[in-house]
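Colleague: Sharing a sequence plus its predicted fold:
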Amino acid sequence: MGRLTEAAERVARTDDLRPIPVFGSDELARLTEAFNLMLRALAESRERQARLVTDAGHELRTPLTSLRTNVELLMASMEPGAPRLPEQEMVGLRADVLAQIEELSTLVGDLVDLTRGDAGEVVHETVDMADVIDRSLERVRRRRNDIHFDVQVIPWQIYGDAAGLSRAALNLMDNAAKWSPPGAMWASR
């Protein structure tokens, strides 16, 4: 019983989740095995939390960076003496800002649900991937007008999570644009 007590105190004091050696097959051995199961579950929970934080940081970074870029462009265009952006470009940038705010709100809501453990079912629906790709491409083109995007999209529908698929397509295109040198051509068929 002393080893089990010492192990419990060690975990509380140091967060050391190493299992306790089990000796014999009596009640104390079964209690030690149960304690080790609890330690393993706690370690796995901590790993899931660490992955969640890492994934959340990555998922939030892309829309936040894009939002900052678009807001900075809008603000710079309003500076005295600055060249005015064409109205159509202003409308597109404002639409992007609203879309990015909506994307961030959705992500934060998803994260809150995940941390509470009561995340609802993901809504699966028929998603027009050509539309998802076109909208994502339009947003990326506005952010990186120094890159030529040559994309041919065929009509394609998939059953899935529309918000997740949109995020994935936008992240892929943002990464391609981010790592392409100015004047590069990005082609996809």
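Modeller: Nice, I can see it.

Colleague: Could you name the helices and strands sitting against the longest helix anywhere in the chain?
Modeller: Criterion DSSP state H: the longest helix present in the chain is helix 27-78. Applying 3 or more CB pairs under 8 Å, 6 or more residues apart in numbering; DSSP states H and E, we find helix 27-78 packed against helix 2-14, helix 87-116, helix 129-143, helix 162-178. Bear in mind the C-beta positions are built from the backbone N, C-alpha and C, glycine included.

Colleague: Quick one, which of these gets closest to residue 62.
Modeller: Among these, the nearest to residue 62 by CB to CB is helix 162-178 (5.6 Å).

Colleague: Which neighbouring elements make contact with the closest one?
Modeller: By 3+ CB pairs under 8 Å, 6+ apart, helix 162-178 packs against helix 27-78, helix 87-116, strand 125-128, helix 129-143.

Colleague: Enumerate the positions of it that are buried.
Modeller: Of the residues in helix 162-178, 162-163, 165-167, 169-171, 173-174, 176-177 count as buried by neighbour count, 16 or more other CB atoms under 10 Å.

Colleague: Same list, those residues, but as TSV with pLDDT please.
Modeller: Formatted as TSV, the buried residues of helix 162-178 follow (pLDDT from 0 to 100):
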residue	pLDDT
162	87
163	81
165	87
166	86
167	81
169	87
170	83
171	79
173	85
174	79
176	82
177	81
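
Colleague: Test my guess that residue 126 contacts residue 157.
Modeller: Yes. With contacts counted by CB atoms under 8 Å, residue 126 reaches residue 157, the gap being 5.4 Å.

Colleague: Helix, strand, or coil at the closest residue to residue 33 other than its chain neighbours?
Modeller: The spatial neighbour of residue 33 that comes closest, neighbours along the chain excluded (CB to CB, 6 or more residues apart in numbering), is residue 22 at 5.6 Å. What DSSP: H, G, I helix; E, B strand; the rest coil gives for residue 22 is coil.

Colleague: Number of residues surrounding residue 22?
Modeller: By other CB atoms under 10 Å, the residues close to residue 22 number 15.

Colleague: Same check on residue 96?
Modeller: Residue 96, neighbours per other CB under 10 Å, totals 22.
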